[in-house]
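[1] what's the 3D shape of this:
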Amino acid sequence: MNNVTYLLDNSPISQWQTATWENYLAACEDPNWESAKIFFYDGYLLIEMGNEGINHARFNSLLTMIFVLWFSSKGGAFDDLGGCVIEKPNVGGGAPDRVLYVGKDFPQWQTGEPRKINLDKWRVPDLVCE
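    Numbering: from 1, shown residues only. Reported below is the predicted structural model:
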């Protein structure tokens, strides 16, 4: 991969490509990729565009209903952060469909902080679904 200029040609990267953390951050900040799902892991970048489809949406909603029903019956604390960006700086990042924290001590947004889960600050989620 050439550098950030490759990312800005408005072509989705439909398979994992070698990249740097800086390439990932540049893609996340680029308005051309605002509706894209951008993932980075251990030196590789993936940019997905387009709709997920009916079956994906149905399954995603079903997961939420199952979580709510199960945790309501157990009386435990949980937080379902669907579509939230989650990052481990310089290692990985993305916006999976579901990010689930079970129990207490789940991420809380504070004024002035970026609106994402930084795994250097918060514990790893109990379940991540894509």
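[2] what residue lies at the spatial centre of this structure?
    Ala95 (1.4 Å; C-alpha atoms, centre = their mean).
[3] quick one: contacts for the residue nearest to that residue when sequence neighbours are not counted?
    Spatial nearest neighbour of Ala95, chain neighbours left out: Val85 (4.8 Å); criterion: C-beta to C-beta, 6 or more residues apart in numbering. Glycine gets a C-beta too; all of them are placed from N, C-alpha and C. With contact taken as C-beta atoms under 8 Å, 6 or more residues apart in numbering, Val85 is in contact with 28, 93-95, 115-117.
[4] just those now: which is nearest Glu34?
    Cys28 (9.6 Å; C-beta to C-beta).
[5] Tell me the buried residues in stretch 58-67?
    For stretch 58-67, a neighbour-count test (16 or more other C-beta atoms under 10 Å) marks 60, 63, 67 as buried.
[6] what's in contact with that stretch?
    If you take C-beta under 8 Å, 6+ apart as the criterion, stretch 58-67 is touched by 52, 78, 80, 82, 97-98, 100, 129.
[7] ok, which pair from those is furthest apart?
    Greatest spacing in those, by C-beta to C-beta: Glu52 and Phe78 (23.7 Å).
[8] on contacts alone, who are the packing partners of the strand or helix carrying Glu22?
    Glu22 is located in helix 21-29, with elements delineated by DSSP states H and E. Packing contacts for helix 21-29, counted by 3 or more C-beta pairs under 8 Å, 6 or more residues apart in numbering; DSSP states H and E, involve helix 4-7, strand 37-41, strand 44-48.
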